[in-house]
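Student: What follows is a predicted structure for the sequence shown.
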Amino acid sequence: MDLKLAGKTVLITGGSKGIGKAVAAQMAEEGCNLHLASRTAGDLEAARDEINAKYGAQVTIHPGDLSDSSRMRQLAADTAGIDILINNAGAIPSGSVQSVDEETWRSAWDLKVFGYINLIREVYPAMCARGDGVILNIIGAAGERPVASYIAGSMANASIMAMTQALGGEAPHKGVRVLAVNPGLIETERMVTLGEAQALEKHGDKTRWREMLTNMPQGRAGSVEEVADVVAFLASPRASWVSGTVLTIDAGMTKRAGL
C-alpha cells in the first residue's frame, strides 16, 4: 500500500533511539524528509548516517535539551513548514507518590509533558494557518491504565491523551489532524536494561530477562517496528478521517481483567 507520504517533511523528537528511530526509518522508507531531535548529538549523527545509508533520505539533526522551552521554540523555527510532527521524547521514572521527589517529577514532566505542549504550541497554529498538517503524540499505555507504582508517568500520559483528544476534535475544522498512540511494553534499549536488572535480581543472570515477560501476550514485548508501522499509517493521508483518537498498541494487555 502506498501511504502517500513521499515528499512529506517530518519532525520526530526522541528520534535517535528506540521507537523514535524506528519511526524515522519507516518514514524514510516511505520517502519522507526528516528532522530528528534529541539531547545527544552523537546518537543523532549515528541515526542520521544509518538511515541515510539505507534509504537515501534527507535527514537533518537537531541536538539539544527538549525540556527547555526556549530550545523548543528554536526547534520549531528551525523546522518551520513541516508536514508532520511526531512527539516522542521522554522517559519518566517509575516510583510511588512518596518515592519520586519533586525535582525528578518536574524534570520528567518538563521533557515529556511540557516538551509536547511547547512544541505543539509553536507548530499547531502554523499548520492551522496553512490548512494542513498532522501532529501525532507517542504517549504510553499507563495513561489509560494508571498504576500507583508509575504515578508520575501515568499522570503525564493521561494529560497528553486529554490534550490530543481536545485538539483532535478541533483540528480537522482547520485542515489539521491530531492523534496519538499508546505503546505498551516495547523492546527498546531502556526496556532491555530494566529487564536485565530484574533478571539479575531474581535469577542472578541478566541474560534471562526474556523470562520476565512470560505474562505478556505471546510471551514477549512488542517491537519498535510494530509501533512504527502503525504510526506511519496514522500519520499518512490514508488515515485522513482519523483525529482525536488515541490508539493502544499492546496486543490487548491493558484490556486484560485482573492485572
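Tutor: Looks like it arrived, so ask away.
Student: which residues touch the helix or strand that contains L75?
Tutor: L75 belongs to helix 69-78 when assigned by DSSP states H and E. With contact meaning C-beta atoms under 8 Å, 6 or more residues apart in numbering, helix 69-78 is reached by 11, 35, 37, 62, 64-66, 114-115, 118-119, 122-123, 126. In short, each C-beta sits where N, CA and C put it, glycine included.
Student: Taking those residues together, which two end up most distant?
Tutor: For those, the maximum inter-member distance is 22.6 Å, found between D65 and A126 (C-beta to C-beta).
Student: that older thread, right, and out of the contacts of helix 69-78, which lies closest to S99?
Tutor: When the contacts of helix 69-78 are compared against S99 (criterion: C-beta to C-beta), the nearest one is F114, at 22.2 Å.
Student: what's around that closest one, how many residues?
Tutor: Neighbourhood size, F114 [other C-beta atoms under 10 Å]: 18.
Student: next one: T193
Tutor: T193 has 12 nearby residues by other C-beta under 10 Å.
Student: what about it, distance to L44?
Tutor: 20 Å (C-beta to C-beta, to the nearest Å).
Student: With H62 instead?
Tutor: For H62, the distance to L44 (C-beta to C-beta) stands at 8 Å.
Student: quick one: common contacting residues for these two?
Tutor: With C-beta under 8 Å, 6+ apart, H62 and L44 have common neighbours 36-37.
Student: Looking only at neighbour counts, state which of these two leads.
Tutor: L44 (23 against 19).
Student: just checking, the more buried one touches E50?
Tutor: No. L44 is beyond contact range of E50, at 10.8 Å (criterion: C-beta atoms under 8 Å).
Student: show me the contacts for Q58.
Tutor: 33-34, 52.
Student: and L194, what element?
Tutor: Using DSSP H and E, L194 falls in helix 189-203.
Student: avg pLDDT for that helix?
Tutor: For helix 189-203, mean pLDDT is 81.
Student: again, but for stretch 227-237
Tutor: The average pLDDT for stretch 227-237 rounds to 98.
Student: which residue ranges form the strands in the stretch 1-150 of the chain?
Tutor: 9-13, 33-38, 59-63, 84-87, 133-138 (DSSP state E, counting those that start in this stretch).
Student: and the residue positioned nearest the centre of the chain, what pLDDT?
Tutor: The structure's the chain has its C-alpha centroid closest to N88; by C-alpha atoms, centre = their mean the separation is 2.7 Å. Predicted confidence (pLDDT) at N88: the value is 97.
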